[in-house]
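Chemist: kindly return the folded structure for what I paste below:
(3 chains)
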Amino acid sequence: MPELPEVETIRAGLEPVLVGQTVTEVHIRQAQLRYLIPGDLPPILRGQKIMALQRRAKYLLLQMEQGIVLIHLGMSGSLRFVSTDQPPERHDHVDFVLDHGILRYRDPRRFGLVLWHPACADPHRLLQHLGPEPLGDEFTSAYLCNKAQGSKRAIKNFIMDSQVVVGVGNIYANEALFLARIHPLRLAGTLSMHEWKELQRNIVAVLHAGIKAGGTTLQDFVNGSGKPGYFQQQLLVYGRDKAPCPVCGEELHKEVIGQRSSWFCPVCQR
DNA sequence: AAATTCTCCTGAAGGC
DNA sequence: TGCCTTCAGGAGAATT
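Modeler: Just a heads-up that it's a prediction; the model follows:
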């Protein structure tokens, strides 16, 4: 499931391959994703050159000459650069045919999106109201503490809220809270400054570690070249039902919080 | 108004 | 073996 490290892995891998290539054709086999892919996407993109591949939150922004192709991978999406003779498989919904190959979008569960946003002053509505990037300068413990003033939400829900900070999905939220030794059900408004510092530091650390490992491949994540990531080998609590806590040995506890599976150590995390 | 719940979808896993 | 049920999950939309 692509979280920020996975999306960044894809972006960094594809950008040098894609920039400078021109779209010659777009094939849409399945337009019904989270939102319907606009039917005029092929004629709009035809002939446009790719200027950059950027990322905001978990959105990939394919910068074209006349606007942006907004791409989200949902939870099962992948974006790969393949040769022109590679036939599409099941769930390969969109092909962007380029000068030297095909940029192929696959998404079995179709929670992702592919949208066109013409160049203009306004950012796309889906990009408004997003919180700061977790790997940027704005994401500080002071910011978090201030943002959480009076909040009675569980801290896990708080840090997974994209209006608070973007890109922290379920896997990395579990890991960061464990490393920071904070119980996922603690109310956001009750954390001490020391705890905010630990949490901020560990969110950054776990995301960096994820990027360094090339992402987390649980079922189907692959990067722009079709290769899996390896961060799953470093997961300390996520998905580890009844495993011993790697720190104290106590049995890890699983609980659904905000409709998301959560694992934590009832002894270490307070 | 903040916080929670619903919703889209498919594949994997579990039960019988 | 196979059919049926359950569940996971990003995040915007709807609801409380």
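
Chemist: get me the contact residues on the stretch 151-270 of chain A for DNA strand B.
Modeler: A:151, A:152, A:153, A:154, A:157, A:219, A:258, A:259 (CB under 7 Å from any atom of the strand). The C-beta positions use only the backbone N, C-alpha and C, and glycine is treated the same way.

Chemist: these: which two are farthest apart?
Modeler: Considering CB to CB, no two members of these lie farther apart than A:152 and A:219, which are separated by 34.5 Å.

Chemist: can you show me the strands along the stretch 151-270 of chain A?
Modeler: Defined through DSSP state E, counting those that start in this stretch, the strands belonging to the stretch 151-270 of chain A, from first to last, are A:253-257, A:260-264.

Chemist: just to check, residue A:91 is in contact with residue A:107?
Modeler: Yes: Residue A:91 is in contact with residue A:107 according to CB atoms under 8 Å; the separation is 6.4 Å.

Chemist: can you pull out the helices in the stretch 151-270 of chain A?
Modeler: All helices of the stretch 151-270 of chain A, identified by DSSP state H, counting those that start in this stretch, fall at A:155-159, A:170-180, A:193-212.

Chemist: those helices: which one's closest to residue A:44?
Modeler: Distances from residue A:44 to each of the helices of the stretch 151-270 of chain A were compared by CB to CB, and the smallest falls on helix A:193-212, at 32.3 Å.

Chemist: and the closest one, what other elements does it pack with?
Modeler: With contacts taken as 3 or more CB pairs under 8 Å, 6 or more residues apart in numbering; DSSP states H and E, helix A:193-212 sits against helix A:4-18, helix A:141-147, helix A:155-159, helix A:170-180.

Chemist: which one of those helices has the lowest average pLDDT?
Modeler: In terms of mean pLDDT, the lowest-scoring of the helices and strands packed on helix A:193-212 is helix A:4-18 (a mean of 91).

Chemist: skipping its backbone neighbours, what lies nearest residue A:202 in space?
Modeler: Spatial nearest neighbour of residue A:202, excluding adjacent residues (CB to CB, 6 or more residues apart in numbering): residue A:179 at 4.1 Å.

Chemist: returning to that earlier point: can you tell me which of the strands of the stretch 151-270 of chain A comes nearest to residue A:133?
Modeler: Of all the strands of the stretch 151-270 of chain A, strand A:260-264 sits nearest to residue A:133, with 21.5 Å by CB to CB.

Chemist: so, low pLDDT: which residues of chain A?
Modeler: Across chain A, residues meeting the criterion (pLDDT under 70) sit at A:1, A:121, A:215-228, A:230.

Chemist: got the contact list for residue A:73?
Modeler: Contacts were defined as CB atoms under 8 Å, 6 or more residues apart in numbering; by that measure residue A:73 touches A:2, A:6, A:7, A:10, A:58, A:60, A:79, A:107, A:112.

Chemist: check those residues against DNA strand C, which are close?
Modeler: residue A:58.

Chemist: for the contacts of residue A:73, give me JSON lines that also has distance to residue A:200 and neighbour count.
Modeler: Supplementary listing: these in JSON lines, determined by distance: CB to CB, whole Å; neighbours: other CB atoms under 10 Å:
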{"residue": "A:2", "distance to residue A:200": "23", "neighbour count": "28"}
{"residue": "A:6", "distance to residue A:200": "21", "neighbour count": "27"}
{"residue": "A:7", "distance to residue A:200": "21", "neighbour count": "24"}
{"residue": "A:10", "distance to residue A:200": "25", "neighbour count": "27"}
{"residue": "A:58", "distance to residue A:200": "19", "neighbour count": "21"}
{"residue": "A:60", "distance to residue A:200": "25", "neighbour count": "27"}
{"residue": "A:79", "distance to residue A:200": "30", "neighbour count": "28"}
{"residue": "A:107", "distance to residue A:200": "32", "neighbour count": "25"}
{"residue": "A:112", "distance to residue A:200": "29", "neighbour count": "26"}
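
Chemist: great, nothing more from me.
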